[in-house]
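> just to be clear, the model below is a prediction. Sequence and coordinates:
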Amino acid sequence: MWIPTAAASGTILFLIGLADLALTIALLVGVIFQARYLPHTYSGCQDAETWQNATNSSNFFVVASNLSDFNGTTPHDVCYEYVQNWVFGIAIM
């Protein structure tokens, strides 16, 4: 995106900066919501089958692995993928 900014005026740069700020805020909100539920490291996925089970409710990772289009997906795989996406979100910001 540096090519358009090299020839842009102050107003265009300001608008590009606002768009970047909006994208960063959207990513930040998503990362914060994910951080409330997900483990913060891959080692936290070791007990994905039983992790944070509430009474009379299903574990999110178990349900997500059952709904997966890929046969043989385990709750650990689902948890690992969610943590990986969370880490990418932080890295992008």
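Perfect, I can see it now.
> beyond the worst-scoring helix or strand of the chain on mean pLDDT, next helix or strand please.
Of the helices and strands making up the chain, the lowest-confidence element is helix 2-6, at a mean of 64, by mean pLDDT, DSSP states H and E. Where DSSP states H and E defines the elements, the next helix or strand beyond helix 2-6 is helix 10-37.
> now that next one: buried residues?
The neighbour-count check on helix 10-37 (16 or more other Cβ atoms under 10 Å) flags 31, 34 as buried. No exception for glycine: its C-beta is placed from N, CA and C like everyone else's.
> how about stretch 45-61?
Residues 45, 48, 51, 59-61 are the ones in stretch 45-61 that count as buried (16+ other Cβ under 10 Å).
> and what of stretch 70-82?
75-80, 82.
> could you report the pLDDT at the spatially closest residue to residue 50 that is not a sequence neighbour?
Leaving aside its chain neighbours, residue 50 sits nearest to residue 59 (6.8 Å; criterion: Cβ to Cβ, 6 or more residues apart in numbering). With respect to pLDDT, residue 59 scores 81.
> what does residue 26 give?
91.
> possible to save the buried residues of stretch 45-61 as CSV with distance to residue 39 and secondary structure?
Putting the buried residues of stretch 45-61 into CSV (distance: Cβ to Cβ, whole Å; DSSP: H, G, I helix; E, B strand; the rest coil) gives the following:
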residue, distance to residue 39, secondary structure
45, 6, helix
48, 8, coil
51, 7, coil
59, 13, coil
60, 12, helix
61, 10, helix
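> closest one of these to residue 88?
Nearest to residue 88 out of these is residue 45 (Cβ to Cβ; 15.7 Å).
> in contact with the closest one, which residues?
Counting by Cβ atoms under 8 Å, 6 or more residues apart in numbering, residue 45 touches 39, 51, 76, 79-80, 83.
> quick one: low-confidence parts of the chain?
1-8, 52-56 (pLDDT under 70).
> spatially nearest residue to residue 76, not counting backbone neighbours?
Nearest to residue 76 is residue 48, by Cβ to Cβ, 6+ apart, at 4.7 Å.
> quick check, the one you found in contact with residue 83.
No. Look at residue 48 against residue 83 with Cβ atoms under 8 Å: they stay out of range, at 9.8 Å.
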